[in-house]
Structure formats: structure tokens, C-alpha cells
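Trainee: Just a sequence and a predicted model for now, questions to come.
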Amino acid sequence: TGPNDPNGVNWYTNASINSSSLPAWDGQSNGGIESRYKLGSVTGLPGAVAAQFRFVFTSDGSVQNAGFHIDDLCIKIPCVNDLGINLFDSPVPGSGQPGGATSSFSVTIENYGTSNQSNFYVYYSINGGAVDSTLFTNTLTPGQVATNFNVGSYTVPTGSYDICVWTDLPTDCDVTNDTICATFIGIPKLTPSPSYCDDFESGNIGWHNLVATGGNAGTIWELGAPAFGATSSANSGTNAWDVNLGTAPGPNSNCELYTPFFDFSAISAGRIEFAINYNIDPFGDGARLEYTTNGGVNWQVVGSGSTLNPDPCGENWYTNANIFSSATPGWDGNSTGWQLAKYKLCCLPNVFNNPTPVQFRFVYSSDGFGVSDGISVDDFCIYETVGDDAGISAVTQPLSGVPAGITQQVTVTLENFGSTPLT
């Protein structure tokens, strides 16, 4: 019936397609995926003398993409004892957790067979190491699933690592659905005191990239020498993070670039700044910066505003208050070269003096229409502000030339860049 149908796995992504007014798959699958559906839940199908299936593809009169294909169609009759793992619930595969921290993981277990199953072990291994297990004490009836079963806790390694989880019934009649494996990232936790800067000339130190769910698999953040269109250089040195180093971003993109975690538990003031160079299809496509203060459970956009109504906490911050492809503020249009973007982190809630590490991510999204050269990021820095630091952030009067020889009042904006009150 739709993306939340409890009888399907990787089933429909949209509850009502415009071209058919019916539920269907749309968007990007990011490669081949296995879709499953419990036929016993289909009205009129159990006990039918003869049944036939058909796939239907529909499109409207606007944008076209690559289409749809199927392979390896199977219909399986349940056997008696068949138990397996079908999904990592938490953390999300490909996501990152602070290296060295204690984390846990949960999965969905399903009884594919025709008999009840209870009091069985769920096994797991990290990076092919020692095998551990957790006892499942409840009962799963035929076709029933148990979601968010907490398998175990572990110390997060630094860098990329794999977790495999499986069941091992002695009488299991189908071992092909017993096991699930996924890759995760152990991200370093850094303290930006007095500062943290990365010009990306020493390789990748704690950053990682993801294609978000539904995003175009052919568009991703890459580290190296940008070499396409207006984004064909680094701000310093030769390396930068760039959306598709040597090619144009694709339509319907949604890709993310994650920073390391930062420890602000003993920091009370500071700012973030980085160089950006972009040529992004205006209004439809855009890039933004987000942050999390609870380990990635929730993400908030850093700042707001536009060129006509700039965020007072930022400099060279967003150009558009509402990007069509994301419904968020972001950078779009043409920066005409590298710019230094800055933001006062004191304008964000729960960043400073927070015992939970803070993480940032850049998100690039595009609609299904025109695309341009994308965006590059270089020289990413976080500066702690300490002590007394007063300065002038803007001249507010005069705003233009004045006649020579007259008396002109000059007004400026004073700003406290430090961490202590000034009087």
C-alpha cells in the first residue's frame, strides 16, 4: 500500500504516484536492491487455483530518468523452520559514531517459517573478530517480525568497520536469509581549542560521505582536485571536498559530507569558517550546513537567511531562504570564485558546554531539472573564542561617497568577538 507497508521489505517508496494515483517505486534505489512481500497478506491470493503478476511502469509528461528494471524473480513457499535477520534498525548503515565511544546496535528479526520460534540466539561479529551472542527470549509466530532488537554493545573502532549479525537454528531450512552485514564509520572526536583547521592536503582525517536515502547514486562528495566547470580548483593547495570532482552533479541528488565530532564541553564561545566555491542551478538546487548535538538523532540547519535578508550571525552565508529540492535555506547561484563563509556558533542552541560531541555535515541537493557545476569546500576551521576581543564588524554610515569638504558623521557596528562581557 505504500512505503510503510508492514508486509513488505524495500517495497513502495511513494503512496500515490502522480501518473497513476497508485503506490509505486520512485526516486533512486542507489543500485540493485532486494524487494520482498508476504503473499499470504494479499486478499484473495491464498488458496487461489491460478494467479498471475504484472509490473506496471507509468510516467507523466515532465521529467524523464533512467527507468526501472527487475531481475531474479522468485516465489518461495515457506518451510517449517526458517529464521533470519532482515534489517539493521540502528545505527543506520554507513553512518558514523564517535571512535572510542560505547555504542549499541539493533536489528529486525523475522520468522519466515511456518512454526513458532523462541529462545534462540542472535550472533554477531565486528570486523570478523570474536563471535558474541544475545538470547531472544520471546516467541515469534509465523510471519512475525521483532524490530529494534538490541543485539549488543561495543567500543566503536576508529575508521571503517563491519558488523555482521545472524541467526543459527540447527534445523533452519533456508540459510540464505540468516545473515545481514553492514559497514559503519568510527569518527574521531576532536577538541577545537584553541582551533581546528583542515586544508585537506594530508588526506582524509575523520570525514566521510554518504548518499542519502533516495538520492542519485552518481552524485557524491569526493576529496581531491576539483576539475569541472567553475569548480576547478582548491582554495589552497590542490585538494578540496567537491560534489563530483570531474563531472557535473546529477538530477535528484541528495548527498552528505560529515565532519569529525567536536568536543565543546569546556568551550563557551567560537565560530566556524570555511572556503566555498559554487555554481549551482538557482532556486531548484542548493547546498547547506547542518549540525547535530545528540549523535545524529536530529539534525538542524546552521543559520538561515538569503542574499536579500542575510543572517546577522553569518558572513557570505546562504543566498536563498528556500531551496526547492530541500525546502531549506542554502547556497545557490554562482559565487564567482572562492569565498570565506563564517558563522557565529553562539547563535546555535546547545553547542557550547554540551557534554555530547557536536558534528556538522554539508548537504547538497538537486531537483529533477537543470544542473550546474556543484560546490567545493576547503580550509574548514573552528576557532574557540577566549578572553577579551572587541572589534568593528561593519561601517554603517556613510554607505557611499560624500561631497568633499563637508562634515560627515561616521557610525560603525561594534562587536564582542571574545568570550567575556565587555563594558
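Mentor: Arrived safely. Numbers count the residues shown, from 1 in each chain.

Trainee: Okay, now the sheet partners of the lowest-mean-pLDDT helix or strand in the chain, with direction.
Mentor: Every helix and strand of the chain was ranked by mean pLDDT, DSSP states H and E. The lowest is strand 390-397, at a mean of 75. Sheet pairing here is set by DSSP bridges, and for strand 390-397 it gives strand 411-416 (antiparallel).

Trainee: can you count the residues close to residue 367?
Mentor: 19 (other C-beta atoms under 10 Å). In this view, the C-beta of every residue, glycine as well, is placed from N, C-alpha and C.

Trainee: Now for it: which residues touch it?
Mentor: Residues in contact with residue 367, defined by C-beta atoms under 8 Å, 6 or more residues apart in numbering, are 251-252, 284-285, 324-325.

Trainee: Put together TSV for those, with secondary structure and pLDDT on each row.
Mentor: Listed next are the contacts of residue 367 as TSV, based on DSSP: H, G, I helix; E, B strand; the rest coil; pLDDT from 0 to 100:
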residue	secondary structure	pLDDT
251	coil	91
252	coil	91
284	coil	95
285	coil	97
324	coil	95
325	coil	95
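
Trainee: any chance of these in JSON lines, with distance to residue 207 and neighbour count too?
Mentor: Shown next, in JSON lines, are the contacts of residue 367 (distance: C-beta to C-beta, whole Å; neighbours: other C-beta atoms under 10 Å):
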{"residue": "251", "distance to residue 207": "25", "neighbour count": "21"}
{"residue": "252", "distance to residue 207": "24", "neighbour count": "21"}
{"residue": "284", "distance to residue 207": "27", "neighbour count": "21"}
{"residue": "285", "distance to residue 207": "22", "neighbour count": "30"}
{"residue": "324", "distance to residue 207": "28", "neighbour count": "17"}
{"residue": "325", "distance to residue 207": "23", "neighbour count": "22"}
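
Trainee: Name the nearest residue to residue 205, ignoring sequence neighbours.
Mentor: Distances taken as C-beta to C-beta, 6 or more residues apart in numbering place residue 198 nearest to residue 205, at 6.3 Å, with adjacent residues excluded.

Trainee: who does the one you found bridge with?
Mentor: residue 380.

Trainee: burial count for it?
Mentor: Counted with other C-beta under 10 Å, residue 198 comes out at 20.

Trainee: residue contacts, it?
Mentor: So residue 198 contacts 205, 207, 379-381 (C-beta under 8 Å, 6+ apart).

Trainee: quick one: which of these is nearest residue 110?
Mentor: residue 207 (35.5 Å; C-beta to C-beta).

Trainee: Wait, the closest one touches residue 261, no?
Mentor: No: the pair formed by residue 207 and residue 261 falls short of the contact definition of C-beta atoms under 8 Å, at 11.2 Å.

Trainee: Could you report the neighbour count for residue 208?
Mentor: Neighbours of residue 208 (other C-beta under 10 Å): 21.

Trainee: So it sits against residue 96, correct?
Mentor: Yes: between residue 208 and residue 96 there is a contact at 5.7 Å, judged by C-beta under 8 Å.

Trainee: Need the residues touching each of these two.
Mentor: 185, 187, 258.

Trainee: Next, the last one: secondary structure please.
Mentor: The reference is to residue 258. Of the three states, residue 258 takes strand under DSSP: H, G, I helix; E, B strand; the rest coil.

Trainee: Tell me which helix or strand the closest residue to it other than its chain neighbours sits in.
Mentor: Leaving out its chain neighbours, the residue that sits closest to residue 258 by C-beta to C-beta, 6+ apart is residue 361, at 4.7 Å. For residue 361, the host element (DSSP states H and E) is strand 358-365.

Trainee: partners of that strand in the sheet?
Mentor: By DSSP bridges, strand 358-365 pairs with strand 254-262 (antiparallel), strand 286-292 (antiparallel).

Trainee: average model confidence for it?
Mentor: Across strand 358-365, pLDDT averages out at 97.

Trainee: Tell me how far it lies from the chain's centre.
Mentor: Distance of strand 358-365 from its chain centroid, counting by C-alpha atoms, centre = their mean, to the nearest Å, is 7 Å.
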